[in-house]
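Colleague: model this:
(chains A and B)
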There are 2 protein chains.
Amino acid sequence: MPNVAIVGATGAVGQEFLKILVERNFPVEELRLLATKRSAGKKVLWQGREIEVQETTHDSFKGIDIALFAGGSSSTEFAPSAVKSGAVVIDNSSAYRLDPKVPLVVPEVNPEDVKWHKGIIANPNCSTIIMAVALKPIFDLAGIKRVVVSTYQAVSGAGREGIEELEGQVRDWAQGEELKSQTFPYQIAFNLIPRIDVFQEGDYTKEEWKMVKETQKIFHVDTMPITATTVRVPVLRSHSESINIETERNVGLEEVKAAFQKAPGVIVEDNPAEDRYPMPWFTSDTDEVYVGRIRKDFSIENGINLWVVGDQIRKGAATNTIQIAELLL
Amino acid sequence: MPNVAIVGATGAVGQEFLKILVERNFPVEELRLLATKRSAGKKVLWQGREIEVQETTHDSFKGIDIALFAGGSSSTEFAPSAVKSGAVVIDNSSAYRLDPKVPLVVPEVNPEDVKWHKGIIANPNCSTIIMAVALKPIFDLAGIKRVVVSTYQAVSGAGREGIEELEGQVRDWAQGEELKSQTFPYQIAFNLIPRIDVFQEGDYTKEEWKMVKETQKIFHVDTMPITATTVRVPVLRSHSESINIETERNVGLEEVKAAFQKAPGVIVEDNPAEDRYPMPWFTSDTDEVYVGRIRKDFSIENGINLWVVGDQIRKGAATNTIQIAELLL
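Modeller: Numbers count the residues shown, from 1 in each chain, chains lettered A, B, ... in the order given. Model prediction:
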């Protein structure tokens, strides 16, 4: 059984790793919990073992087989040391995702890419993972000519602080107090912020470029035309996406629905007669990508509209990472 | 000066009519306030006059020149009587919008259509108005080949009850109590509901078809290809829209921005360097449509992405109605 390290064990994604390892019966010999100095010394009870959180250093990875990095700046600082120690790193940060020497993997889409890793495997951006799982059945069925996506992203994308900021603002509002913003640039309660991460080329944000370039890499189609608008919404932890797809070939709506029914990692929730469609409040704490509002797009010859929802912390981050680790075993 | 009646005077839109008539110095000889039996007898102070709300009946419109209908089922019941009495009806309901004998007007887009009315002028759906104002400068500049829109619609679209339900759910959540849903089919606090109004043809909702068909009518292009996904979000009163436009002709981004700068009813809020873009919390209680995140869409030859926000109760309903009334004078 492998020795596993979690880097960033006390954050939102790190805590989810601990739960998912148990849920999925991931075999673990030693579990080493690493974090910043601030969290070192904390004790965590996991599977009847009491584990003390240690400060991450370059010597933290001796004997480790698989190192799960929860994200953030610790990746570029410590991932190379982990690889040198002989561990395979699965990294949630954006640092290595577009590196041509690093596979970028969504297990439902491109599991075979795990094979050619050279020590690091990158976990894609959360919005990208959720979209990629939904695009895959259509890609296989009819080819993808173009994607227009608008996102509705939960505050958990900004980590534990994001969740606490929305909850705090809502509590302050209910008590008639002034709302404070620290994690987000503006109030997020009762508001939408159409800017996630920094602005880059063409006045697109880094988050928007991630959805374009990471998706192209995952599908091995460097020129796949994708355009994205990413928006933060006052929702706690599931991301939602309105995805418009132009397919290469004509395809019937029933074929599309049948493909989703069979697709791994997808739950179809699409029944207008019973008022059923995916919603972020009800999909939190689940591992699947929920697909609904499946419609022919009548504005174009070969078009499909989808409404897709997935838990940002789980399938958007922690679950996908553990699934990659499972592929390694 | 005209005698003006407001039908539905005590609701969210009706109350806004009262404010906007004053703000815009709309000339009013007599103001008659009409509502359902339940609200009859209420006293409203307006411009120093105390006005008693009367129950709407078929005889309520004697001597009235302009009747502003706030929306709902009272339109089909009483608009014909108002017209028979000699009033011009400006109607916020969806009943007459697609009637070929009724003009559907956004004053910034098709003011000339007011001229051919036969007693009733329809005010478009709120999301449609906000999109139409933003599409107009691009339509004039480069032609519109196709529109893909995803909406982020405030609870005010469901009237005063919608606002009260979100506020109530947030208060209950803050106090650890169970959340109650009556106006919306599911909890809206911390959630998104990707279904507005009833399901219709092709599993699109009525709201989505409104955005397609009303926009086509307003622009006098019955075949304009538009596809919409409409979503309720936990925001109080401004609607937001992510709009992707394929233009007929190639056009530079600077030309597009210049066209928006000159466009009536539009405020451009688009400065990435200063982190400026439109947000619903900050655009509430205003009359303009805010346009930002103006980008070239690199996934297609002639494409533009926009993020557009407008107050649903004002420009989406009451302000547009009063603007139509101004065109009549």
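
Colleague: ok now stretch A:218-227, how far from the chain's centre?
Modeller: Here stretch A:218-227 shows a centroid-to-chain-centroid distance of 18 Å under the convention CA atoms, centre = their mean, to the nearest Å.

Colleague: List the buried residues for that stretch?
Modeller: A:218-219, A:224-227 (16 or more other CB atoms under 10 Å in any protein chain shown). Quick note: C-beta positions are derived from backbone N, CA and C, even for glycine.

Colleague: Then stretch A:85-101?
Modeller: Neighbour counts over stretch A:85-101 (16+ other CB under 10 Å) mark A:85, A:87-97 as buried.

Colleague: And the strands in chain A?
Modeller: Assigned by DSSP state E, chain A shows strands spanning A:4-7, A:31-35, A:43-46, A:49-52, A:54-55, A:66-69, A:88-91, A:120-122, A:144-152, A:226-229, A:238-247, A:266-268, A:289-296, A:303-311.

Colleague: got CSV for those, with distance to chain B and mean pLDDT too?
Modeller: Shown next, in CSV, are the strands of chain A (distance: least, CB to the nearest CB, whole Å; pLDDT from 0 to 100):
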stretch, distance to chain B, mean pLDDT
strand A:4-7, 28, 98
strand A:31-35, 28, 97
strand A:43-46, 26, 95
strand A:49-52, 31, 96
strand A:54-55, 35, 97
strand A:66-69, 28, 98
strand A:88-91, 28, 98
strand A:120-122, 23, 98
strand A:144-152, 4, 98
strand A:226-229, 4, 98
strand A:238-247, 4, 98
strand A:266-268, 13, 98
strand A:289-296, 5, 98
strand A:303-311, 5, 98
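
Colleague: closest one to residue B:139 among those?
Modeller: strand A:144-152 (19.0 Å; CB to CB).

Colleague: Against which helices or strands is the closest one packed?
Modeller: Contact here means 3 or more CB pairs under 8 Å, 6 or more residues apart in numbering or on different chains; DSSP states H and E; on that basis strand A:144-152 packs against helix A:126-142, helix A:206-218, strand A:226-229, strand A:238-247, strand B:144-152.

Colleague: Tell me how far residue A:96 lies from chain B.
Modeller: Taking CB to the nearest CB, to the nearest Å as the measure, residue A:96 falls 24 Å from chain B.

Colleague: Go ahead and confirm that residue touches residue A:90.
Modeller: No: when contacts are counted by CB atoms under 8 Å, residue A:96 is not listed as touching residue A:90 (10.4 Å).

Colleague: Need the overlap of contacts for those two.
Modeller: Residues touching both residue A:96 and residue A:90 by CB atoms under 8 Å, 6 or more residues apart in numbering or on different chains: A:120, A:122.

Colleague: Which residues of the stretch 1-150 of chain A lie near chain B?
Modeller: Listed as neighbours of chain B in the stretch 1-150 of chain A under the rule CB under 8 Å from any CB of the partner chain: A:146-148, A:150.

Colleague: Just put the buried residues of stretch A:85-101 in TSV and tack on distance to residue B:258.
Modeller: Listed next are the buried residues of stretch A:85-101 as TSV, based on distance: CB to CB, whole Å:
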residue	distance to residue B:258
A:85	58
A:87	55
A:88	53
A:89	49
A:90	48
A:91	44
A:92	42
A:93	40
A:94	35
A:95	39
A:96	41
A:97	37
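
Colleague: Could you work out the most separated pair of these?
Modeller: Within those, two members stand farthest from each other by CB to CB: A:85 and A:94, at 23.1 Å.

Colleague: domains of chain A?
Modeller: Listed by the TED database, the domain ranges of chain A are A:3-123+A:317-327, A:128-310.

Colleague: So for residue B:196, which of the ones you listed sits nearest?
Modeller: Between the domains of chain A, domain A:128-310 lies closest to residue B:196; by CB to CB that is 11.4 Å.

Colleague: next one: that closest one to chain centre, how far?
Modeller: The chain centre lies 11 Å from the centre of domain A:128-310; the measure is CA atoms, centre = their mean.

Colleague: Do me a favour and get the end-to-end distance for it?
Modeller: 11 Å (CA to CA, to the nearest Å).

Colleague: same deal with stretch A:3-13?
Modeller: 19 Å.

Colleague: Could you do stretch A:261-270 as well?
Modeller: 11 Å.

Colleague: next one: stretch A:196-204
Modeller: Termini of stretch A:196-204 sit 10 Å apart (CA to CA).

Colleague: Residue A:321 contacts residue A:71, correct?
Modeller: No: Residue A:321 is beyond contact range of residue A:71, at 9.6 Å (criterion: CB under 8 Å).

Colleague: Who has more neighbours out of those two?
Modeller: residue A:321 (29 against 22; other CB atoms under 10 Å in any protein chain shown).

Colleague: how close does the residue of chain A most remote from its centre sit to chain B?
Modeller: Using CA atoms, centre = their mean, the residue of chain A lying farthest from its centre is residue A:176. It sits 35.0 Å away. The spacing between residue A:176 and chain B, counted by CB to the nearest CB, is 11 Å.

Colleague: what do you get for residue A:325?
Modeller: Applying CB to the nearest CB to residue A:325 and chain B gives a distance of 31 Å.

Colleague: Please work out how many residues are found near that residue.
Modeller: Residue A:325 has 25 neighbouring residues, counting by other CB under 10 Å.

Colleague: List the residues that contact the closest residue to it other than its chain neighbours.
Modeller: In space, residue A:325 comes closest to residue A:66 once its chain neighbours are excluded; the distance is 5.4 Å by CB to CB, 6 or more residues apart in numbering or on different chains. Contact analysis of residue A:66 by CB under 8 Å, 6+ apart lists A:2-5, A:87-88, A:90, A:325, A:328.

Colleague: export those to TSV and tack on distance to residue B:285?
Modeller: Formatted as TSV, the contacts of residue A:66 follow (distance: CB to CB, whole Å):
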residue	distance to residue B:285
A:2	58
A:3	59
A:4	54
A:5	53
A:87	56
A:88	55
A:90	49
A:325	51
A:328	55
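
Colleague: coming back round to it: the helices and strands packed on strand A:144-152 into a markdown table, with extra columns for distance to residue B:233?
Modeller: Output for these, formatted as a markdown table (distance: least, CB to CB, whole Å):
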| stretch | distance to residue B:233 |
| --- | --- |
| helix A:126-142 | 17 |
| helix A:206-218 | 18 |
| strand A:226-229 | 14 |
| strand A:238-247 | 10 |
| strand B:144-152 | 5 |
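
Colleague: Tell me which of those approaches residue B:12 most closely.
Modeller: Of the helices and strands packed on strand A:144-152, nearest to residue B:12 by CB to CB is strand B:144-152, at 18.7 Å.

Colleague: What is the nearest of the buried residues of stretch A:85-101 to residue A:302?
Modeller: residue A:97 (30.1 Å).

Colleague: Contacts only, for residue A:314.
Modeller: A:16, A:20, A:285-287.

Colleague: Of these, keep whichever come out buried.
Modeller: Neighbour counting with 16+ other CB under 10 Å marks A:16, A:20, A:286-287 as buried within these.

Colleague: I figured residue A:72 was touching residue A:8, is that so?
Modeller: Yes: judged on CB under 8 Å, residue A:72 makes contact with residue A:8 at a distance of 6.2 Å.
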